[in-house]
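# Kindly return the folded structure for what I paste below:
(one chain, ligands or ions: 1)
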Amino acid sequence: TKSLKETLQEVIPGKQEQLKKLKAEHAQTVVGDVKVENIIGGMRGIKAMLWEASVLDPNEGIRFHGLSIPDCQKVLPPAPGGKEIIAESMLWLLLTGQVPTEAQTRQLSRELAEKGDLPPFVEKLVDSFPATLHPMTQLGMGVAALNHDSLFQAAYEKGIKKSEYWTYTLDDCINLIARLPTLAARIYRNVYKSGTPLPALNKDLDLIGNYSALLGFGDNHNLTEYLRLYIALHGDHEGGNASAHTAHLVGSTLSDPYLSYSAALFALAGPLHGLANQEVLRWQMAMQAELGSDVSHEQIKEYLWKTLKSGQVVPGYGHGVLRNPDPRFIALQEFCDARPELQESSIIRLVKKTYEVAPDVLKEHGKTKNPYPNVDATSGCVLHHYGLTEFKYYTVIFGVSRALGALTQLVWARALGLPLERPKSLSMDAIEKLIK
Ligand code: AMX
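Residues are numbered from 1 along each chain as shown. From the prediction side, this is the model:
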């Protein structure tokens, strides 16, 4: 059985060759233009970044090395006794572009479990935070502190060849992915469970099986399966989103993976990025409190209009890039449809009914470019139903997940020798001069 590193070692030369050819033959080929609206509009639409693991099509949604979500659900090995995609098989696909065998997946699970313990000083650091400090702030600080053990940084200080950067980066990324659930679960217990001690990592469990057990939900198979799917699906959403882009930008300075991903987490903590799932839950629960559990489509329609007329957005709908229902939303909806306990959940039923009327209301409202649900329309509601009810913690789970894609790209950035990011900025006066 070839290990992840050995597999990457085989894949990298082909990609390096592809990049060399692109540079040699097409460095001057034009693939888009830049309008003033792009400069003042958050750089939307500008094709300006190399990102290997996934590409987002506005109509079809995300593809990981060409594989759609249903493709991944067919081919990626699940956990023993489980059915859903798991973080390890998704990580393997993102990093190598290949589907791992079951044996490779298990080997990676074991490696991650063996590397998952936190250094004692990080445990102490996290335990010293007040429970009132936001869990995302705690996660970002914990991840930054883990750079104490960065192999890349230590090797760089000693002096290594550029061609060796990626191997140390990979080692750091694997160590960080292994430790993230332990760190995130420790924060959960400190904030919500009075610091009750964590169980030991089980070397025979997958990464998210262990995460669920560390959180205290080891016996809750449904929640564990949901977390596996949620975390695999949120693993990567191409490179331009704020958290992925932050990791890439910081990493381009040759900051190590811990510092790069810590910065990414603070981008994810923003209300326009990682907080949407908790907003959906809050909004659906307010709807339920006002209208009761047995609501008609007509009543939901009225509630939607009330939200819109008060100048608020309908949370869970719309997207910066997507122009169709988010395939991640569809995958989560299918998860709900297949489970009787979720079929009976009043909040999940309300989410589904809302989906049946909201796109038409949003079309009539006429503002959003995408009237369809995004992944957050359901994601938080399922966590809540299965007993993970602490809203403020939901972005931390997203943060455990997004590491898969953001860290994959750091490995590729070093393997391909990508340079320091340095886009050109302009003042308004400078833009006006260009126009004249
Ligand atoms: N309800 C009401 N109005 C909406 C809307 C919604 N769900 N989505 C967009 N609009 C409005 C915008 O506010 C904007 O109005 P304005 O012209 O008065 O400023 C107009 O429609 C055009 O916006 P857009 O180009 O379609 O979207 P965007 O790229 O500017 O923003 C997003 C994308 C997701 C922030 C936006 O759709 C939104 O606020 N949705 C609700 C919050 C949400 O679900 N966020 C989760 C996104 C997924 C994720 O990253 N986790």
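
# Following the chain past the helix ranked longest in the chain, name the next helix or strand.
In the chain, assigned by DSSP state H, the helix with the most residues is helix 165-192. Toward the C-terminus, helix 165-192 is succeeded by helix 207-215 as the next helix or strand (DSSP states H and E).

# tell me the angle that next one makes with helix 165-192.
Regarding helix 207-215 and helix 165-192, their directions subtend 30 degrees when assessed with axes from the mean of the first three to the mean of the last three CA atoms, to 10 degrees.

# same for helix 207-215, what does it pack against?
helix 87-96, helix 102-114, helix 165-192, helix 221-233 (3 or more CB pairs under 8 Å, 6 or more residues apart in numbering; DSSP states H and E). Every C-beta, even on glycine, is put in place using the N, C-alpha and C of the backbone.

# how close does the residue of the stretch 201-350 of the chain found nearest the ligand get to His273?
Residue nearest to the ligand within the stretch 201-350 of the chain: Gly318 (2.2 Å; CB to the nearest ligand atom). From Gly318 across to His273, the span is 14 Å (CB to CB, to the nearest Å).

# Which elements pack onto the longest helix of the chain?
Here helix 165-192 is seen to pack against helix 4-26, helix 102-114, helix 120-127, helix 135-145, helix 151-158, helix 207-215, helix 257-268, helix 394-415 when contacts are counted using 3+ CB pairs under 8 Å, 6+ apart.

# hang on, the earlier thing: which one of the helices and strands packed on helix 207-215 lies closest to the ligand?
With CB to the nearest ligand atom, the closest approach to the ligand among the helices and strands packed on helix 207-215 belongs to helix 221-233: 11.7 Å.

# so, in contact with the ligand or not, the closest one?
No. Taking CB under 6 Å from any ligand atom as the criterion, helix 221-233 and the ligand are apart, separated by no less than 11.7 Å.

# how about the residues of this protein near the ligand?
Near the ligand, the residues belonging to the chain are 272-273, 276, 308, 313-320, 367-370, 374, 376 when assessed by CB under 6 Å from any ligand atom.

# Go again with 8 Å.
Counting by CB under 8 Å from any ligand atom, the residues of the chain lying close to the ligand are 44, 237, 241, 272-274, 276-277, 279-280, 307-308, 312-321, 326, 362, 365, 367-371, 374-377, 398.

# rewinding a little: Trp92 versus the residue of the stretch 201-350 of the chain closest to the ligand, what's the distance?
Using CB to CB, one obtains 32 Å as the distance from Gly318 to Trp92.

# got it, and Val382?
In this structure, Val382 and Trp92 are 25 Å apart, going by CB to CB.

# and what of Lys424?
To Trp92, Lys424 is 37 Å away according to CB to CB.

# likewise Lys47?
According to CB to CB, Lys47 stands 28 Å off from Trp92.

# Same drill for these two, tell me which one is more crowded.
Between Lys47 and Trp92, counting by other CB atoms under 10 Å, Trp92 is the more crowded of the two (25 against 10).

# Contact partners for the more buried one?
Trp92 is in contact with 4, 7, 98-100, 104-105, 108, counting by CB atoms under 8 Å, 6 or more residues apart in numbering.

# domain assignment for this structure?
With automatic domain parsing serving as the domain definition, the record reports that the chain contains domains spanning 1-271+394-436, 276-385.

# can you put the ones you listed in a markdown table and add mean pLDDT?
As requested, the domains of the chain are exported to a markdown table (pLDDT from 0 to 100):
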| stretch | mean pLDDT |
| --- | --- |
| domain 1-271+394-436 | 97 |
| domain 276-385 | 94 |
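
# Pretty sure Thr246 sits against Gly270.
No. Counting by CB atoms under 8 Å, Gly270 is not a contact partner of Thr246; they are 10.4 Å apart.

# who has more neighbours, these two?
Neighbour count, other CB under 10 Å: between Thr246 and Gly270, Thr246 has more, with 21 against 13.

# Check which helix or strand that one maps to.
With elements taken from DSSP H and E, the one containing Thr246 is helix 242-251.
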